[in-house]
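Trainee: the sequence and its predicted three-dimensional model are supplied below.
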Amino acid sequence: MNMYGLLFSLLAIIGWSAYPTFVSYFGGKPVQGIFGATWGTFIVAIVLSLIMQMPMLHGANFWLAFFSGAAWAFGNVLTIFAFGMKDKAGNELGSAKAMPISTAFQITANVVWGVIMLGNWGPVSSKVYGFLAVIVILVGAYMTTYQEKKSAGNKQLLMKAVGVLLIAQVGYSLYGILPQYTRGTDGLHMFLAQAMGMAAFGLILGIYEVAKNHNNIFKQSVTYKQIFSGFFFSMAALGYLVSAQPAMLGLATGFVLSQVSIVGATVSGIIVMHTKKTQKEWLVIVIGLVLIVLAAAVTAFLKN
């Protein structure tokens, strides 16, 4: 067990716990959420690089990190869009429901790639325990979406959200996978290049919104409020980037541990957005969250 990797994984948990709730709370259009998040991350990356006097990456390492950041931005703008999707009655999906679905997709994709393509969880016993833990996490994530009273609108909204989040998963998968193929560098030194990719996508998206929809997001205060959410995402991005490196926890374990953030994201999303839950719904949600934490903890002790 790599304690240094676990500390950075904890950073990712804290950042991703707060980030989706702040995005939903500040509101605005998805393009504003993505601009704020990406530029908030870029600001933190510049400050960190200056303080630590880290040189800029070059060659293939730079582009792998850069495009991984742009891929995340692509996935995240679709996820933020899913947060704001509404049923016919005008009820918003919200981060509390969207995040567990997104988490399930991301865990499955990253663990499968990490184990099959990168050789994580080398021993057979580690693979068995690891995949059992993933199944438990997926069950827990599903439980957090439980509703005592379901309607046709709820089901239709969830099905539409699943389609959007599946497309978003392409970006999220590249975000986790591309940095694994850099050579002779580490997560700290990759962070600025990755943040540049995020910020470039966010800026292009913002300019496109102005040109196509004549909606100048750069003159709207909510765009800059979303930069605050980006500060929390920067914590998560840095923590995950470092912890998922082969010399730390590896992609499979690093990602699974980072997704314990679903606990904070779900609870804070319900509280901050004033989502009403029945006693039975809270019971099922809490059981699901406990399963996620326990199963994720198991992966921290698996041998690579």
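Mentor: Looks like it came in fine.
Trainee: can you pull out the helices in the stretch 1-150 of the chain?
Mentor: 3-26, 30-52, 59-83, 95-116, 124-143 (DSSP state H, counting those that start in this stretch).
Trainee: turn the ones you listed into TSV, columns for mean pLDDT and mean neighbour count.
Mentor: In this view, the C-beta of every residue, glycine as well, is placed from N, C-alpha and C. Below are the helices of the stretch 1-150 of the chain laid out as TSV (pLDDT from 0 to 100; neighbours: other C-beta atoms under 10 Å):
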stretch	mean pLDDT	mean neighbour count
helix 3-26	82	21
helix 30-52	91	22
helix 59-83	89	22
helix 95-116	74	23
helix 124-143	84	18
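Trainee: just put those helices in CSV and tack on distance to A211.
Mentor: What follows is those, written out as CSV (distance: least, C-beta to C-beta, whole Å):
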stretch, distance to A211
helix 3-26, 24
helix 30-52, 12
helix 59-83, 17
helix 95-116, 28
helix 124-143, 38
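Trainee: between those, which one is closest to A199.
Mentor: Closest of the helices of the stretch 1-150 of the chain to A199 is helix 30-52, at 3.9 Å (criterion: C-beta to C-beta).
Trainee: send the alpha carbons of the closest one over as PDB?
Mentor: C-alpha atoms of helix 30-52 as PDB (Å, rounded to 0.1, in the frame of the first residue of the first chain):
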ATOM      1  CA  PRO A  30     -23.300  23.700 -19.200                       C
ATOM      2  CA  VAL A  31     -20.800  25.800 -21.200                       C
ATOM      3  CA  GLN A  32     -20.500  28.100 -18.200                       C
ATOM      4  CA  GLY A  33     -19.900  25.200 -15.900                       C
ATOM      5  CA  ILE A  34     -17.200  23.800 -18.100                       C
ATOM      6  CA  PHE A  35     -15.500  27.100 -18.600                       C
ATOM      7  CA  GLY A  36     -15.400  27.900 -14.900                       C
ATOM      8  CA  ALA A  37     -14.100  24.400 -14.000                       C
ATOM      9  CA  THR A  38     -11.400  24.300 -16.600                       C
ATOM     10  CA  TRP A  39     -10.100  27.800 -16.000                       C
ATOM     11  CA  GLY A  40     -10.200  27.400 -12.300                       C
ATOM     12  CA  THR A  41      -8.000  24.300 -12.700                       C
ATOM     13  CA  PHE A  42      -5.700  26.100 -15.100                       C
ATOM     14  CA  ILE A  43      -5.200  28.900 -12.600                       C
ATOM     15  CA  VAL A  44      -4.300  26.500  -9.800                       C
ATOM     16  CA  ALA A  45      -2.000  24.600 -12.200                       C
ATOM     17  CA  ILE A  46      -0.100  27.800 -13.100                       C
ATOM     18  CA  VAL A  47       0.300  28.800  -9.500                       C
ATOM     19  CA  LEU A  48       1.500  25.300  -8.500                       C
ATOM     20  CA  SER A  49       4.000  25.200 -11.400                       C
ATOM     21  CA  LEU A  50       5.400  28.600 -10.500                       C
ATOM     22  CA  ILE A  51       5.800  27.800  -6.800                       C
ATOM     23  CA  MET A  52       7.400  24.400  -7.500                       C
END
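Trainee: and of the helices of the stretch 1-150 of the chain, who's closest to M196?
Mentor: helix 59-83 (5.8 Å).
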